[in-house]
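In: Just the structure for this:
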Amino acid sequence: MFSKIKLTHGDGGIHTNELIQDVFVKYYGEGSSNSINDAFVFSVNPQKLAYTTDSFVVRPLFFKGGDIGKLSICGTINDLTTAGATPLYISASFIIEEGFDMESLCDIAKSMGEVCRQTGVKIVTGDTKVVEKGNADGLFINTSGIGIVSPHYSPFRVEPDDEIIITGTIAEHGTAILLDRYELNIETDMVSDCRPLNNLIPLLNEDLIYIKLMKDPTRGGLATILNEISNHAEFNIELDESRIPITQQVRAINEMLGIDPLYLACEGRMVLIVKKGFGDQVIQRLKQTPIYADAQIIGRFTSNTQGMVYMQTEIGGKRIIPALEHQTIPRIC
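Out: Got it, this is the predicted structure:
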């Protein structure tokens, strides 16, 4: 274990998982580990509820397609969605640096309210702290959320040949942050994919019984999330490179910069693990809604048990896809 915290401890990859296991799970005690889920599910008869929390430290605070406020509400809603829950209530706490621009704060609060009105979720409690100039880099937001879990969703064990779906094109949030942060002189109309995904639950409805797991590929991107799932399931994952949806803009920008888009965050996509034989049925249901028009079956689980992710490339080879070990872009969400 490192003697000091490094930036890589917050990127969602290998070092983040080591930090969670070696410090938090170790000292919080039994019951603190929540497997790979983004929300904790518990029963309050006769309902099952999901509860989650998250902190947002993105830089820059405003980016193409959103801002830290929109990101915080969408991120919390999406974490509840991974548990099969319809989000109900959110808390929002602010740590604000002295001297922060009041107009910017109003814009951020406005965007949070707009997502809430769009989704029917309510911000019902929160807290505000102001710290001395130089101690918060502008603004940090912490949220918690609670929702009701669908009776149709009950995760169960992954098996060989179960199918892997991504609900849309990848890496748009990470690429948008990269462009805005470093003011790269690249002409593009690309924006972050930041959006709430709570409509997945009523859309899939009874087809949720075929969904074994849901995860949103945020920090560490698609590659890191799939490694987490593979390790948890104890089966290898085989991906088909030709089926991974990615826009030409994202592909070209990242090729030019030497960055692998598989490791860049998505903030409006979901990975679905579907019972073998039901992937096409789920895809047909997803494509009834325009925001899921690019949903694809991108791979499957194999019978091998190393917990490895590899990809069949478009030129006919195989490429191992490891979890994120070295930070790509810090402060992305």
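In: And this structure, what are its domain boundaries?
Out: Annotated domains of the chain cover 34-149, 163-320 [automatic domain parsing].
In: which residues in the stretch 201-333 of the chain form strands?
Out: Along the stretch 201-333 of the chain, counting by DSSP state E, counting those that start in this stretch, strands occupy 211-215, 237-240, 271-274, 296-301, 309-312, 318-320.
In: Show me what the shortest one is packed against.
Out: The helices and strands touching strand 318-320, judged by 3 or more Cβ pairs under 8 Å, 6 or more residues apart in numbering; DSSP states H and E, are strand 309-312. All C-beta atoms are positioned from the backbone trio N, CA, C, and that covers glycine.
In: other SSEs contacting the strand it packs on?
Out: Using 3+ Cβ pairs under 8 Å, 6+ apart: strand 309-312 touches helix 221-233, strand 237-240, strand 318-320.
In: If we use 10 Å, what do you get?
Out: helix 221-233, strand 237-240, strand 296-301, strand 318-320 (3 or more Cβ pairs under 10 Å, 6 or more residues apart in numbering; DSSP states H and E).
In: So, low pLDDT: which residues of the stretch 1-150 of the chain?
Out: 1, 11, 13, 30-35 (pLDDT under 70).
In: Let me know how buried residue 236 is, in neighbour terms.
Out: Residues near residue 236, counting by other Cβ atoms under 10 Å, number 18.
In: Can you give me the pLDDT of it?
Out: The score at residue 236 is 97. That number is its pLDDT.
In: can you pull out the helices in the stretch 101-250 of the chain?
Out: Secondary structure of the stretch 101-250 of the chain (DSSP state H, counting those that start in this stretch): helices at 102-119, 172-182, 200-204, 221-233, 248-257.
In: could I get the strands of the stretch 201-333 of the chain as TSV with distance to residue 154?
Out: Formatted as TSV, the strands of the stretch 201-333 of the chain follow (distance: least, Cβ to Cβ, whole Å):
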stretch	distance to residue 154
strand 211-215	9
strand 237-240	22
strand 271-274	13
strand 296-301	19
strand 309-312	25
strand 318-320	33
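In: Any idea which of the ones you listed gets closest to residue 116?
Out: Among these, strand 211-215 comes nearest to residue 116, with 22.0 Å by Cβ to Cβ.
In: Show me what that closest one is packed against.
Out: Using 3+ Cβ pairs under 10 Å, 6+ apart, the elements in contact with strand 211-215 are helix 68-81, strand 163-166, helix 200-204, helix 221-233, strand 271-274.
In: Specify the stretch among the ones you listed that is closest to residue 313.
Out: Among those, helix 221-233 comes nearest to residue 313, with 14.1 Å by Cβ to Cβ.
In: What residues sit buried inside that closest one?
Out: Buried residues in helix 221-233, counting neighbours by 16 or more other Cβ atoms under 10 Å, are found at 221-231, 233.
In: Identify the farthest-apart pair in these.
Out: Using Cβ to Cβ, the buried residues of helix 221-233 reach their maximum pairwise distance at 221 and 233, which is 18.8 Å.
In: ok, now which ones touch the nearest residue to residue 276 once chain neighbours are set aside?
Out: Of all residues not flanking residue 276 in the chain, residue 161 sits nearest, at 4.1 Å (Cβ to Cβ, 6 or more residues apart in numbering). With contact taken as Cβ atoms under 10 Å, 6 or more residues apart in numbering, residue 161 is in contact with 235, 275-277, 279, 300-303.
In: rerun at 8 Å
Out: Contacts were defined as Cβ atoms under 8 Å, 6 or more residues apart in numbering; by that measure residue 161 touches 276, 300-302.
In: Please convert those to TSV, extending it with pLDDT.
Out: Below are these laid out as TSV (pLDDT from 0 to 100):
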residue	pLDDT
276	97
300	98
301	98
302	97
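In: And the buried ones among those residues, selectable in ChimeraX?
Out: Applying 16+ other Cβ under 10 Å to those, the buried members can be selected in ChimeraX as follows:
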select :300,301,302
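In: which one of the contacts of residue 161 sits closest to residue 50?
Out: The shortest approach to residue 50 among the contacts of residue 161 belongs to residue 301, at 24.9 Å (Cβ to Cβ).
In: hey, what's the closest one bridged with?
Out: Per DSSP bridges, the residues bridged to residue 301 are residue 237.
In: Kindly report the same for residue 319.
Out: residue 311.
In: So for it, what's the pLDDT?
Out: What the model reports as pLDDT for residue 319 is 95.
In: for stretch 167-183, which positions count as buried?
Out: Buried residues in stretch 167-183, counted by 16+ other Cβ under 10 Å: 167-181.
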